[in-house]
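Asker: fold the stuff below for me.
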Amino acid sequence: MKQTKRSTFKLLFYLKKNEPKKNGNVAIMARITIDGKRRAFGTKLEINPNKWDLKFSRVTGKSAKAISINQKLDSIRSRINIIYNDMMKDEGFATAQKVKLSFLGVGVMEDALLKIYKNHNNEFEKLVANGQRSESTLYKYITVFDHLSNFINQRYHRKDIAFRELTSDFIREFDFYLRYDQQCAHNTVWVYTMPILRLVTLAVKNGLIRQNPFEHYEISMKEVDRGYMLKEDVEKLMRTPVPHKRYELVKDIFIFSCFTGLSYIDIKNLTERNIQTFFDGHQWIISRRQKSDVASNVRLMNIPKGIIEKYKGTTRTKFIFPVPTNNTCNNHIKILIENAEIITEQKITFHTARHTFGTMFLTEGIPLESLSKMMGHKNIATTQIYAKITSQKISKDMDAVTHKFREMEAIFEEATKN
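Answerer: Residues are numbered from 1 along each chain as shown. Here you go, the predicted model:
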């Protein structure tokens, strides 16, 4: 434990009246004083000088603008107090310059959140280039980084923030920012907060911070109806000619997914080495899912076998299919679905084919345990979602025909009375 020196600490907010803006407002400044030495910086806030309470260093009135600015000033004061107290506790001393630079995020902070997150994304990009990770996952990480960077800039007027400065309010405010400022749905918020929670957990493990500031923050994914196609929809798509030759490849690999349950990235990475003759004399796809690294073993039926044969030798690489980008696939699928006049409640994307495989084969009698192994699920509870979907479909089908039996129900009721 370092010996803590006694020091005087003060934070003051004041107006920079000598440089008024064109709209008549003036900048609100902050001045840190420690042991008689001062350092000032701009808060990026401004106000009409007539609305400033000099005695309490706050904006007067109860307008929305006054409340908002005062809340931001309170937040700045809170952050600076935390920085000062942490410096005194960890290093035994603090200076006005050190506190100011730490607050502004100036200089290299080895334990800064965005800095470490950016390094993580750079390393992940190398894995994507080597075909070891998915481009879509990298895109998600980059999107989260952009949201996080904008949030820190808007909320804390900083370019980065150290792990030791994080509090429970940070993750809750980021959650609020995603939901209301960015209009993200609940499950999107869940997806975007998970990488940050993992980073903080690693920071604790690596000794950057003593305890997890987000330990009381809880969020879980809400179960939603998964888009899927019925067996007759798949048949209709197969029978409908493509509107143009360029859509044929996407149609074929979409149907391939409907009969194997492989996702976009797993089909893209499929090689001849994954096609093996197994103990039963049949051909199987033996692979591990890119997303979860869980084994996925699927016996090939005649339809996917025919699609593999169709594209044999068409690529100059080790991969079986010359798969376009995920965005191209989704755009082509939209046109193919419209061309086939298939009407569904949910939007159809390439990933819909995987859900279609799950519901279609479960409906035809494949046991949950077998389906779970084929789809490479870590937990059978994930597979049970498809059982719920098929039950919902059966219930809807029953609703559609129930009225046809009302006359018989009336006869039954009459007979039971007698």
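
Asker: ok, then the element right after the lowest-mean-pLDDT helix or strand in the chain?
Answerer: When the helices and strands of the chain are compared on mean pLDDT, DSSP states H and E, helix 380-402 comes out lowest with a mean of 70. Scanning forward in sequence from helix 380-402 by DSSP states H and E, the next helix or strand is helix 406-417.

Asker: for that following helix, list the C-alpha coordinates in PDB.
Answerer: Extracted as PDB, the C-alpha positions of helix 406-417 are listed here (Å, rounded to 0.1, in the frame of the first residue of the first chain):
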ATOM      1  CA  ARG A 406     -69.100 -26.900 -35.600                       C
ATOM      2  CA  GLU A 407     -72.100 -28.700 -37.000                       C
ATOM      3  CA  MET A 408     -70.900 -32.000 -35.700                       C
ATOM      4  CA  GLU A 409     -70.200 -30.300 -32.300                       C
ATOM      5  CA  ALA A 410     -73.800 -29.100 -32.200                       C
ATOM      6  CA  ILE A 411     -75.000 -32.700 -32.900                       C
ATOM      7  CA  PHE A 412     -72.800 -34.000 -30.100                       C
ATOM      8  CA  GLU A 413     -74.000 -31.400 -27.600                       C
ATOM      9  CA  GLU A 414     -77.600 -32.100 -28.500                       C
ATOM     10  CA  ALA A 415     -77.000 -35.900 -28.100                       C
ATOM     11  CA  THR A 416     -75.400 -35.500 -24.700                       C
ATOM     12  CA  LYS A 417     -78.400 -33.400 -23.400                       C
END
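
Asker: what mean pLDDT does that helix have?
Answerer: Here helix 406-417 scores 77 as its mean pLDDT.

Asker: any low-confidence regions in the stretch 1-150 of the chain?
Answerer: Per-residue confidence for the stretch 1-150 of the chain (pLDDT under 70) gives these ranges: 1-7, 105-110.

Asker: quick one, helices of it?
Answerer: 64-91, 96-104, 113-129, 135-156 (DSSP state H, counting those that start in this stretch).

Asker: so which of the ones you listed is the most surrounded?
Answerer: Among those, helix 96-104 has the highest mean neighbour count (mean count of other C-beta atoms under 10 Å), at a mean of 19. In this view, the C-beta of every residue, glycine as well, is placed from N, C-alpha and C.

Asker: name the element residue 335 belongs to?
Answerer: Judged by DSSP H and E, residue 335 forms part of helix 326-339.

Asker: other SSEs contacting that helix?
Answerer: helix 248-258 (3 or more C-beta pairs under 8 Å, 6 or more residues apart in numbering; DSSP states H and E).

Asker: give me the buried positions along the helix holding residue 335.
Answerer: Under the neighbour-count criterion of 16 or more other C-beta atoms under 10 Å, helix 326-339 has 326, 329, 330, 332, 333, 336, 337, 339 buried.

Asker: related to what we said a few turns ago, so can I have a markdown table of the helices of the stretch 1-150 of the chain showing distance to residue 412?
Answerer: Below are these laid out as a markdown table (distance: least, C-beta to C-beta, whole Å):
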| stretch | distance to residue 412 |
| --- | --- |
| helix 64-91 | 65 |
| helix 96-104 | 78 |
| helix 113-129 | 64 |
| helix 135-156 | 55 |
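
Asker: which among those helices is found nearest to residue 189?
Answerer: Closest to residue 189 of the helices of the stretch 1-150 of the chain is helix 135-156 (C-beta to C-beta; 10.2 Å).

Asker: so what does the closest one touch, helix or strand wise?
Answerer: Using 3+ C-beta pairs under 8 Å, 6+ apart: helix 135-156 touches helix 64-91, helix 113-129, helix 168-176, helix 186-205, helix 264-268.

Asker: how far does the last one sit from the chain's center?
Answerer: On the basis of C-alpha atoms, centre = their mean, to the nearest Å, helix 264-268 is displaced by 20 Å from the centre of the chain it belongs to.

Asker: what's in contact with it?
Answerer: The contact list for helix 264-268, computed with C-beta atoms under 8 Å, 6 or more residues apart in numbering, reads 134-136, 253, 256-257, 260, 287, 289-291, 296, 319, 321, 323, 326, 329, 350-351.

Asker: sort out which residues of the helix or strand just after that helix are buried, please.
Answerer: Next helix or strand after helix 264-268 toward the C-terminus (DSSP H and E): strand 275-277. Buried residues in strand 275-277, counted by 16+ other C-beta under 10 Å: residue 275.

Asker: report the central residue of this structure.
Answerer: Of all residues in the chain, the one closest to the mean position by C-alpha atoms, centre = their mean is residue 191, 2.7 Å from it.

Asker: residue contacts, it?
Answerer: Residue 191 neighbours (C-beta under 8 Å, 6+ apart): residue 140.

Asker: okay, it: pLDDT?
Answerer: Note for residue 191: predicted pLDDT of 90.

Asker: cool, residue 273 as well?
Answerer: 89.

Asker: give me the number of residues near it?
Answerer: Neighbourhood size, residue 273 [other C-beta atoms under 10 Å]: 10.

Asker: so what's it closest to, chain neighbours aside?
Answerer: residue 318 (7.9 Å; C-beta to C-beta, 6 or more residues apart in numbering).
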